[in-house]
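[1] what's the 3D shape of this:
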Amino acid sequence: MPVFIKALGGVREQHRENISAPMEKMTLNRDRNSFFLAHSTVYFMMWEMNKKIGLGIIVFFCLCLFGSAFLTVESPSSAGMKATRYDDSPVENPDGKMLPHKALYEISMVSSSNGSQIINISGNMYFEWKPTCDAWVTDHRFNLTYEYSDSPAMRVTSDFSTWESRDGQTFNFSSRRSRDGDLYEEIRGQATRNKDGTGKAVYTMPTPMEFDLPKDFVFPMQHTLQLSRAIGEKNVRFMNRTLFDGSDMDGPIEVNAFIGKEANAIARIETSPQIDIGLLNGAAKDVQMAFFPLMDEEVFVADYEMDALFHENSVISDMYIDYNEFSIRQKLVALEKLDVKPVCK
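    You can find the predicted model right below:
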């Protein structure tokens, strides 16, 4: 599933605007590649152990990857690891497995830290993606209620839409956020890729602004396609990408993904007539991700971490997001395939 992975950051950003509260952060030293090579197997075993005893998300994002490389693991007990340059060229649709669809998720707060003034978050998120002849189009709609211990509840709605060319060269984005019915933020812009792999993002709203995008960055759909392809491969365990999605004014971010073992999605969700089970029967794996703003060349902090049950066809059937001060879950409540067959000349 594309853009909404980072767009979920709006949950955190909205809370920051409503109330000022400290957030604990975990740091990542990007220069310690030798440390990563020496300890990657240990982290893999830690992830398996923590998964079994229910300790939640671990520090998989402390693994320092080599730029746009995938690292393949021969086995959890392997003494060494191989670093290989993974094909990061534009992906059309690997094996035709990705399916246009729309989904509805129920959002609920799982936990909050001691002393937090937020007592509950609830609502839903609608997601849709479909292809056109020359692009992928996505739509995200959030409807959330924030409840605080010392102030009235607040209802926040947001719409976020994108158009991403199939060749990975152009990306249009727009979003609108309202608080208790009053529009308070609108973002619009376009990002393009240069011949050398770098790019530029140009915002036209709320104020003119530009970001230089680093070499080998990806737009959201390409990130999803590459992650989907990685899930379909047997030995791929890690993926690292610089992503730009235009969901906020913070510029590109770095996303580290730890791809776990295959999972049985049907056994882990509550089925209903509103969920097309046929979309959940294919390959799926537990994927853990950490999202880092590109703020410092030496050390930066994770904005948030995510556990997702990610399907090879791009559906996400379950998700847990940890914002440090609080955590939320996105539960799939409706899923439908979109029968979209654009007529292209």
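[2] okay, CA-based contacts and neighbour counts for the rest of this
    Fine.
[3] so what's the residue count around residue 273?
    The tally of other residues near residue 273 (other Cα atoms under 10 Å) stands at 9.
[4] residues in contact with the closest residue to residue 325 other than its chain neighbours?
    Once flanking residues are discounted, residue 325 sits nearest to residue 113: 5.2 Å by Cα to Cα, 6 or more residues apart in numbering. Contact analysis of residue 113 by Cα atoms under 8 Å, 6 or more residues apart in numbering lists 324-326.
[5] show me where the stretch 101-250 of the chain has its strands.
    Taking DSSP state E, counting those that start in this stretch as the criterion, the stretch 101-250 of the chain carries its strands at 101-112, 118-131, 135-148, 154-165, 170-179, 182-193, 199-205, 209-213, 236-243.
[6] okay if I get the ones you listed as CSV plus mean pLDDT, distance to residue 307 and mean neighbour count?
    Compiled in CSV, the strands of the stretch 101-250 of the chain are given as follows (pLDDT from 0 to 100; distance: least, Cα to Cα, whole Å; neighbours: other Cα atoms under 10 Å):
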stretch, mean pLDDT, distance to residue 307, mean neighbour count
strand 101-112, 95, 13, 19
strand 118-131, 94, 17, 20
strand 135-148, 95, 19, 20
strand 154-165, 96, 22, 21
strand 170-179, 97, 25, 19
strand 182-193, 96, 28, 18
strand 199-205, 96, 29, 18
strand 209-213, 94, 27, 16
strand 236-243, 91, 14, 23
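[7] so where's the protein uncertain?
    Across the chain, residues meeting the criterion (pLDDT under 70) sit at 1-96, 295-300.
[8] in it, which spans are helices?
    Shown for the chain, the helices assigned by DSSP state H span residues 4-7, 9-18, 33-53, 220-231.
[9] reformat the strands of the stretch 101-250 of the chain as TSV; add distance to residue 277.
    Formatted as TSV, the entries for the strands of the stretch 101-250 of the chain read as follows, by distance: least, Cα to Cα, whole Å:
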stretch	distance to residue 277
strand 101-112	12
strand 118-131	17
strand 135-148	22
strand 154-165	27
strand 170-179	31
strand 182-193	36
strand 199-205	39
strand 209-213	39
strand 236-243	26
